[in-house]
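**Q** Next input, structure requested:
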Amino acid sequence: MMVWADLHMHSAASDGQLSPTDLVRKAQAAGIELLALTDHDTLSGTEEAIRAGRTYGIQVLRGIELGASEHRYMHILGLGMSDVGTALPALCDTLQRSRNERKYRIIAFLHEKGIDISIGDVEQLAGGKVVARPHFAQVLVQQGYVSCMREAFDRYLDTAEYQKIERFKASAEECIQAIHADGGKAVLAHPYQLGLNVEKLDQVLKTLKNAGLDGLECWYSRHTHQMTEEFLALAQKYELYISAGSDFHGEMVKPDIQLHPWKLDLDWLI
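**A** Numbers count the residues shown, from 1 in each chain. Below you'll find the predicted structure:
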């Protein structure tokens, strides 16, 4: 089944700008026929998105994005999970407890840098949802410590010093197992972010395939044509399904990334 799809996007249920309903409405206007809502470490926005999909004539899949412990930028997407699964909700509870503890350490880190923001400012912006780095970045912009989100990450939230602020992450295999247990397919997101050459990425994919990986996000908003061709070849080599996603967060969060429909064969997913 060929369909215009975007299988990687975020709502205000995690660190995106738009509510699930507004995100679906925007996707429909962008020509997307099928989307997956892949918020970080939470499924809380999926039911609203599915209801909005019925209103706007878009098929919405349950999705999630999980960070893996093996590499800071190794993210596993779960796509097409059942609404009665229990493995991912249990894992999300653990991950969100870790995020909740980490936010106080981020505040302490920023205070050491002379930045006087409060945890209440960040929590208010997050609206009771998962508190993530973009929420801190937005507060830094709002209070005049930086001029833009990118500067907040470059100066504070994406530095080697910041990386010492750890939170719990499951292994890639544990993420894949939880996704499979709840009826979903596991896809490696934005492989370019791993910063590996083709040979090293080949070895990573071999390991992940043995752990049960189903697919590879070959088309992505920041992949070059050459990257895409290399990832398509690796997907073929390891018999991985081909996925595509924009990683849209909203213009205020990632102004250079827009929703994007890709024509995909999704018999493997729907």
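**Q** what's the burial count for residue 183?
**A** 16 (other CB atoms under 10 Å). Where you see a C-beta, it was placed from the backbone N, CA and C, and this is true even at glycine.
**Q** In terms of secondary structure, what does the longest helix seen in the chain contact?
**A** Counting by DSSP state H, the longest helix found in the chain is helix 87-112. If contacts are counted by 3 or more CB pairs under 8 Å, 6 or more residues apart in numbering; DSSP states H and E, helix 87-112 sits against strand 59-67, helix 119-126, helix 133-142, helix 172-181.
**Q** Could you pull up the mean pLDDT of the second one?
**A** It stands for helix 119-126. Mean pLDDT, computed over helix 119-126, is 91.
**Q** roughly how far is it from the heart of the chain?
**A** Centroid separation between helix 119-126 and its chain, computed with CA atoms, centre = their mean, to the nearest Å, is 21 Å.
**Q** now that helix and helix 133-142, what's the angle there?
**A** Counting by axes from the mean of the first three to the mean of the last three CA atoms, to 10 degrees, helix 119-126 lies at 110 degrees to helix 133-142.
**Q** Next, the buried residues of helix 119-126.
**A** 121, 122, 123, 126 (16 or more other CB atoms under 10 Å).
**Q** ok, the first one - contacts?
**A** Residues near residue 121 by CB atoms under 8 Å, 6 or more residues apart in numbering: 139, 143.
**Q** do the second one as well
**A** By CB under 8 Å, 6+ apart, residue 122 lies in contact with 103, 107, 131, 135, 136, 139.
**Q** The third one: what's it in contact with?
**A** Contact analysis of residue 131 by CB under 8 Å, 6+ apart lists 99, 100, 103, 122, 123.
**Q** At the geometric centre of the protein, which residue sits there?
**A** Central residue of the chain (CA atoms, centre = their mean): residue 65, 4.2 Å from the mean position.
**Q** what's the closest non-adjacent residue to it?
**A** residue 38 (4.5 Å; CB to CB, 6 or more residues apart in numbering).
**Q** do residue 184 as well
**A** residue 81 (3.7 Å).
**Q** isn't that neighbour right up against residue 182?
**A** Yes - here residue 81 reaches residue 182: they are 4.3 Å apart, a contact under CB atoms under 8 Å.
**Q** Mutual contacts of the two, please.
**A** Contacts common to residue 81 and residue 182, judged by CB under 8 Å, 6+ apart, are residue 88.
**Q** picking that back up, next, the buried residues of the longest helix of the chain.
**A** 87-88, 91-92, 95-96, 99, 102-103, 106-107, 109-110.
**Q** any idea of the mean pLDDT in that helix?
**A** Mean predicted confidence for helix 87-112 is 94.
**Q** angle of it against helix 119-126?
**A** Using the same axes, to 10 degrees: helix 87-112 against helix 119-126 is 140 degrees.
**Q** quick check: angle from helix 87-112 to helix 172-181?
**A** Using the same axes, to 10 degrees: helix 87-112 against helix 172-181 is 140 degrees.
**Q** From the chain's centroid, how far away is helix 87-112?
**A** 16 Å.
**Q** That one to strand 59-67, inter-axis angle?
**A** Using the same axes, to 10 degrees: helix 87-112 against strand 59-67 is 50 degrees.
**Q** let's number from 17 now, not from 1
**A** Okay, using 17 as the starting number, the last item reads as helix 103-128.
**Q** quick one on the thing from earlier: can you lay out the contacts of residue 138 as TSV showing distance to residue 225?
**A** TSV is the format used below for those (distance: CB to CB, whole Å):
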residue	distance to residue 225
119	35
123	40
147	34
151	35
152	36
155	41
